[in-house]
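>>> model this:
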Amino acid sequence: MSHESRKALDRLDPRAPLVLDTRALDRRPGSMRELTRTVPAPADLGVEMVGVPEGTDIELDLRLESVMEGVLVTGTARMPLTGECARCLDPLEDTFEAEFQELFVYPDTRSGGEAEEDERRIEGDLIDLEPVLRDTVVLALPLSPLCRDDCPGLCPDCGVRLADAGPDHHHEVADPRWAALRGLTDQREEKQEG
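Below you'll find the predicted structure:
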């Protein structure tokens, strides 16, 4: 596939919910625009045990500021979270707020022409906010979410929720290192009876 064909496939869709149009800023440093919008959550926005359900509403409060190198986007995203507790496996539901700030560089500026791979670029007049939102949310989510800070978890022997079982829940479990001696004791008792 030629370079021109690949470039045509990589263009941003201006109708995509997380694509922003910067034409209103007119590339004048100091100009600013504030927006509020509600967008559907993209797929796979989360970690293994907690995440944002696909299609749920994400509320965005954004400020776009034109600077010499590009457009500085500062924002807050509020969204629902669902998952399960890492200790007791109970379902979790919560709301989550993430703040982010990212500079999108113009491709025709000196810094845009030499931009690193991890720097965000403005394509045409469009900004794709999804990678920024994904990085911010996924890095801020706990890898082991808890239903409450003092969640006791599950009983390792029977699997019952320890919060429901009560403080006197226990099992008589012998140390496996003493199992051979218990066998000797059982044999001795059998000899005495016989």
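
>>> going along the chain, name the helices of the protein.
Here the chain has its helices, by DSSP state H, at 3-9, 110-113, 130-140, 162-165, 179-193.

>>> need the least confident one among these, by mean pLDDT.
Across the helices of the chain, helix 3-9 has the smallest mean pLDDT, namely a mean of 40.

>>> domains in the chain, by residue range?
Domain ranges of the chain: 3-140, 162-193, per automatic domain parsing.

>>> hey, which of these is tucked in deepest?
The highest mean neighbour count among these, using mean count of other Cβ atoms under 10 Å, belongs to domain 3-140: a mean of 15. C-beta: built from backbone N, CA, C; applies to glycine.

>>> run through the protein and note the low-pLDDT ranges.
Applying pLDDT under 70 to the chain flags residues 1-10, 109-117, 179-180, 182-183, 185-190, 192-194.

>>> closest to the centroid, which residue in it?
Nearest to the geometric centre of the chain sits Val138, at 2.6 Å (Cα atoms, centre = their mean).

>>> what's the nearest residue to that one if we skip its chain neighbours?
Residue nearest to Val138 in three dimensions, not counting chain neighbours: Val47, with 6.3 Å by Cβ to Cβ, 6 or more residues apart in numbering.

>>> before we move on, what about Val132?
Once flanking residues are discounted, Val132 sits nearest to Glu102: 4.7 Å by Cβ to Cβ, 6+ apart.

>>> test my guess that that neighbour contacts Arg121.
No: counting by Cβ atoms under 8 Å, Glu102 does not reach Arg121; the two are 11.1 Å apart.

>>> one step back: any chance of the domains of the chain in a markdown table, plus distance to Gly153?
Formatted as a markdown table, the domains of the chain follow (distance: least, Cβ to Cβ, whole Å):
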| stretch | distance to Gly153 |
| --- | --- |
| domain 3-140 | 4 |
| domain 162-193 | 6 |
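
>>> show me the one of those domains that comes nearest Cys151.
Taking Cβ to Cβ, domain 3-140 is the member of those nearest to Cys151, at 4.6 Å.

>>> and that closest one, how far out from the chain middle?
Relative to its parent chain, domain 3-140 has a centroid offset of 14 Å by Cα atoms, centre = their mean, to the nearest Å.

>>> related to what we said a few turns ago, is the residue nearest to Val132 bridged to anything, and to what?
Counting by DSSP bridges, Glu102 is bridged to Val73.

>>> ok so, going back, quick check: the residue nearest to the centre of the chain touching Glu48?
No: in this structure, Val138 is not within contact of Glu48 by Cβ under 8 Å, at 10.9 Å.
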